[in-house]
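Student: Sequence plus the predicted model coming up.
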Amino acid sequence: MNVILTHEQSDFDALGATLGAWLLEDSSRPLLAVRLNRNVRHFINVYGTELPFIESRDLPPEPIEKVTLVDTQSLVTLKGITQSTRVRVIDHHPRRKDLPADWQVELEKTGACTTLFVERLAEQLTRLTMIQATLLLLGIYEDTGAMTYSLTTPRDVRACASLLEAGASLRIAAEYLNPALTDAQKSLADRLLTTAHTLTLQGKLIIIATGDARDMREEISSVAHKLRDLLDPDGLFLLVQTSEGIRLVARSTSDQVNVANIARHFGGGGHDRAASALIDARKLHTPEKELTPEYIAAELIEILQTEIRPAVTVGKIMSKQPFLLTPETTLYEAQRVMQRYGYEGFPVVDAGKVVGLLTRRAVDRASAHHLNLTAGSLMEAGSYSLLPGDPIDRLQSLMATTGWGQIPVIDPQTQKVIGIVTRTDFLKTLPRENNFVPGKLNYADLLEKALPPQRLCLIRQVAEEAAHEKTPIYIVGGFVRDLILDRPSIDFDIVVEGDAIALANRLMRRFGGRVTSHKRFGTAKWMVKTNKPAFAAALGLAPDQADYLPDSLDLISARTEFYDHPSALPTVERSSIKLDLHRRDFTINTMALRLDGHHFGELYDYWDGLNDLHKKQVKVLHSLSFVDDPTRMLRAVRFEQRFHFHIEDRTLQLIEEGKPLLKQVSGDRLRHEFNLIFKEDQPFPILLRLQELGLLSALQPDLKIPAELEPALQQAFALLGSEQWNFAANVDHLSLRQAVSYLVWLIPQGERVASETCQRLHVSNELYEALGKGTKVWQDRLRLIDQPNSAFADALQGCPRVSG
């Protein structure tokens, strides 16, 4: 005999999942729980004759071969279950750690367990009666709060749509959702209100209430819902004495308060926003006579101290060092600043105090009317600001009441403006599956595993010095991308949110070496190659570890860049890490790991790079990215082919529109990109994709990538790996592999195409001469093939040598 079971105090999701399991396997017997929520019991009383459920007392006295457990991972005691009974779990809750190894467990993340069965029924084209479809709909509606709870997924919505198409009745469903409290439940709610204890933890309002309900048969969950709606706390915890023991019922309205994690401390579980537990004195190692709701409440408060996550504060999401205007700033200057920095609003400051906000809308309207006004005349007057430690709720409230989309952030000691937080920054903190908050993810373990101990020691020392000076430092870009892709590099630069040159000089004074710097760009190179043993000793490493340290370390001040015209070289200004990351080419290259102090390993991902990395897509940050730097089009293809990713659709469209811009790019910059292509393990797919996208015409209209190029390159690379030829390591500024790649690619194109391509790329004279000789030999190859080797040697006279 096979049976389908769910949890006690069954709600509509448990009942709907049980029905769904039976519809998929009608040879199993779907059992009703002993205790049902009141609205579920009422539904069964009215429509039970049209449904297949049976009660456990009606089971025949046979051994149970298989149990299908739905919407729970706890197996209830049932006569007929033996050691040999197979158990299959189908659930949408997080996996319990204590599940038996021989259970078959299927867990998927949906708002309702019923959704999993509706999807499978749709695949099998199962016909449903109106009552069956309505019960399944109730299961999804109730567990997702009619699609309003944060755990609701698109799968839940699609499942509901299919049930409505199958004939589910919204009228019947509405009768059983959100039922009014019974007199007994109202009485319990009143008692709980009198004992409610309020406390604030990590900025969140928590309410704990205790009560006795041994005389009540109805479910407590409905009481919890009503009290949550009435009191509006961030976390509500009811500890109620029942005839079965003490029951914890918890509800949350904040992602910081994960009640499922808290319920697990007491042997329970559930969702992030709704959970429960029937507390067992034996598991708490507490004498049963001492186990009271008040006793559990004291223990609960201790648990809450560590389980409630710290709030996201304004300081974590703000952009630092914002550009400030004064009341005297002219309309022209305000326009220039807005065009350069891109924000929709800028604080107006007078004598260090915020006096207003100048918006792009006001500037555009004044410009359209040719009004020669100042920021003081155009601004929205007000002295609104936030502190770095203010919670996001305060930001939301201030934006709602003032209408300001950009709020200045001031230092609580100096009262100076130190940052700005925008409406976009706020929206990124709202709960969603891939939302980003700086520091929410930490990759310290990954960093420690990927780097050799000597280089990790160097990073730790630099981070310690930066923390001492209260200077945020980061590893950024490709290093972070490759680290997450599990293809780590040992080479890295340090981006400093502050003065990189000053930090480099402090490191030199402490550990030795010497520093060269470029003040205009805020960059410093800390060189230690000349005395590595002493440097290793200063770092606390053994002398034999010195060779594993880098010869130098680049430190770069966080900066932003502006382009005066398409394909121009950028103008550089000091900035925050957020703006520094925004100047980069693709979202997958905009991630940063913070290193200083307790922030070590924290991920900063303002532009959703991690999500795009998981999607395996190359995506630009904004629509003018290729206007700023057209060579990014070549880079997009290189990354796409290297990682076996795809270029995102909008980015592909921008490449198509931006192709003509490549003709404005200097040959030196184009050559640099092709040099990088020929450093790749597999350059041929990159060249082929460039041809497919029409990007090669920027070099020469007739340039082609023939299919024969791939085996030719492979054969050439194999020859380069042979020691018998004694090849030189480099040809001019190129590696031999790069130089040979150019030759193998361009020689078969013919003398004119090869020559024009070389001129466009400004290749070196040495490579140009080799290509010239090579094309002539290629054109004469059919005659030379039957000639002695000396004929080839004569034909190649004057060609640069590539062997020692």
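Tutor: Okay, I see it.

Student: got the contact list for the closest residue to residue 189 other than its chain neighbours?
Tutor: The shortest distance from residue 189 to any residue that is not its chain neighbour, by C-beta to C-beta, 6 or more residues apart in numbering, is 5.1 Å, and that residue is residue 223. Heads up, the C-betas are built off the backbone N, CA and C, glycines and all. For residue 223, the residues meeting the contact criterion (C-beta atoms under 8 Å, 6 or more residues apart in numbering) are 181, 185, 188, 189, 192, 238, 249.

Student: same thing but 6 Å
Tutor: Taking C-beta atoms under 6 Å, 6 or more residues apart in numbering as the criterion, residue 223 is in contact with 185, 188, 189.

Student: which parts of stretch 398-418 are buried?
Tutor: Of the residues in stretch 398-418, those buried by neighbour count under the rule 16 or more other C-beta atoms under 10 Å are 398, 399, 404, 405, 406, 407, 408, 409, 410, 417, 418.

Student: Okay, helices next: where are they in the stretch 551-700 of the chain?
Tutor: Per DSSP state H, counting those that start in this stretch, the stretch 551-700 of the chain carries helices over the ranges 577-582, 609-615, 625-628, 632-643, 649-658, 667-677, 683-692.

Student: Give me the helices and strands touching the fourth one, please.
Tutor: What it means is helix 632-643. Other elements packing on helix 632-643 under the criterion 3 or more C-beta pairs under 6 Å, 6 or more residues apart in numbering; DSSP states H and E are strand 617-618, helix 625-628, helix 683-692.

Student: which residues sit against the first one?
Tutor: Put plainly, it is strand 617-618. Residues contacting strand 617-618 (C-beta under 6 Å, 6+ apart): 586, 636, 639, 640, 645, 646, 647, 648.

Student: Now list the buried members of those.
Tutor: Using 16+ other C-beta under 10 Å as the threshold, 586, 636, 639, 640, 645, 647, 648 are the buried ones among the contacts of strand 617-618.

Student: Pretty sure the fifth one sits against residue 619.
Tutor: It stands for residue 645. No. Using C-beta atoms under 6 Å, residue 645 and residue 619 do not qualify as a contacting pair, with a distance of 9.6 Å.

Student: Tabulate the contacts of strand 617-618 (CSV), appending distance to residue 80 and pLDDT.
Tutor: Written out in CSV, the entries for the contacts of strand 617-618 read as follows (distance: C-beta to C-beta, whole Å; pLDDT from 0 to 100):
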residue, distance to residue 80, pLDDT
586, 60, 96
636, 62, 97
639, 59, 97
640, 58, 97
645, 54, 97
646, 53, 97
647, 59, 97
648, 56, 95
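
Student: which pair in the residues you listed spans the largest distance?
Tutor: 586 and 646 (12.4 Å; C-beta to C-beta).

Student: Pop the domain breakdown of the chain in here.
Tutor: Taking automatic domain parsing as the reference, the chain has its domains at 2-176, 183-307, 315-429, 444-615, 650-795.

Student: Please produce a markdown table containing the buried ones among the contacts of strand 617-618, extended by distance to residue 260.
Tutor: Compiled in a markdown table, these are given as follows (distance: C-beta to C-beta, whole Å):
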| residue | distance to residue 260 |
| --- | --- |
| 586 | 36 |
| 636 | 42 |
| 639 | 39 |
| 640 | 40 |
| 645 | 35 |
| 647 | 39 |
| 648 | 35 |
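
Student: follow-up on the earlier one: which one of the contacts of strand 617-618 is nearest to residue 551?
Tutor: Nearest to residue 551, judged by C-beta to C-beta, of these is residue 639 at 27.5 Å.

Student: Give me the below-cutoff pLDDT ranges for this protein.
Tutor: Within the chain, the set of residues satisfying pLDDT under 70 comprises 281-290, 431-439, 561-572, 721-732, 782, 792, 798-804.

Student: all strands of the stretch 651-800 of the chain, in order?
Tutor: Taking DSSP state E, counting those that start in this stretch to define them, one finds strands in the stretch 651-800 of the chain at 730-731, 734-735.

Student: And for the stretch 351-500 of the chain?
Tutor: With DSSP E, counting those that start in this stretch as the criterion, the stretch 351-500 of the chain has strands at 353-359, 380-381, 406-410, 417-422, 473-476, 494-496.

Student: Can you tell me which of those is nearest to residue 148?
Tutor: Ranking the strands of the stretch 351-500 of the chain by proximity to residue 148 (C-beta to C-beta) places strand 417-422 first, at 26.8 Å.

Student: Other residues contacting that closest one?
Tutor: The set of residues that contact strand 417-422 without belonging to it, under C-beta under 6 Å, 6+ apart, is 314, 318, 319, 320, 322, 347, 406, 407, 408, 409, 410, 411.

Student: Repeat that for stretch 451-466.
Tutor: Applying C-beta under 6 Å, 6+ apart, the external contacts of stretch 451-466 come out as 473, 490, 506, 507, 539, 545, 548, 549, 595, 596.

Student: closest to residue 231 among those residues?
Tutor: Within the contacts of stretch 451-466, proximity to residue 231 (C-beta to C-beta) peaks at residue 596, which comes in at 41.0 Å.

Student: Let me know how buried the closest one is, in neighbour terms.
Tutor: 22 (other C-beta atoms under 10 Å).

Student: So it sits against residue 467, correct?
Tutor: Yes. Assessed by C-beta under 6 Å, residue 596 is found in contact with residue 467 at 4.2 Å.

Student: starting at the chain centroid, how far to the longest strand along the chain?
Tutor: Taking DSSP state E as the criterion, the chain has its longest strand at strand 81-91. Taking C-alpha atoms, centre = their mean, to the nearest Å, the mean C-alpha location of strand 81-91 is offset from the chain mean by 37 Å.

Student: Ok, stretch 689-702 next?
Tutor: Relative to its chain's centre, stretch 689-702 lies at 34 Å (C-alpha atoms, centre = their mean).
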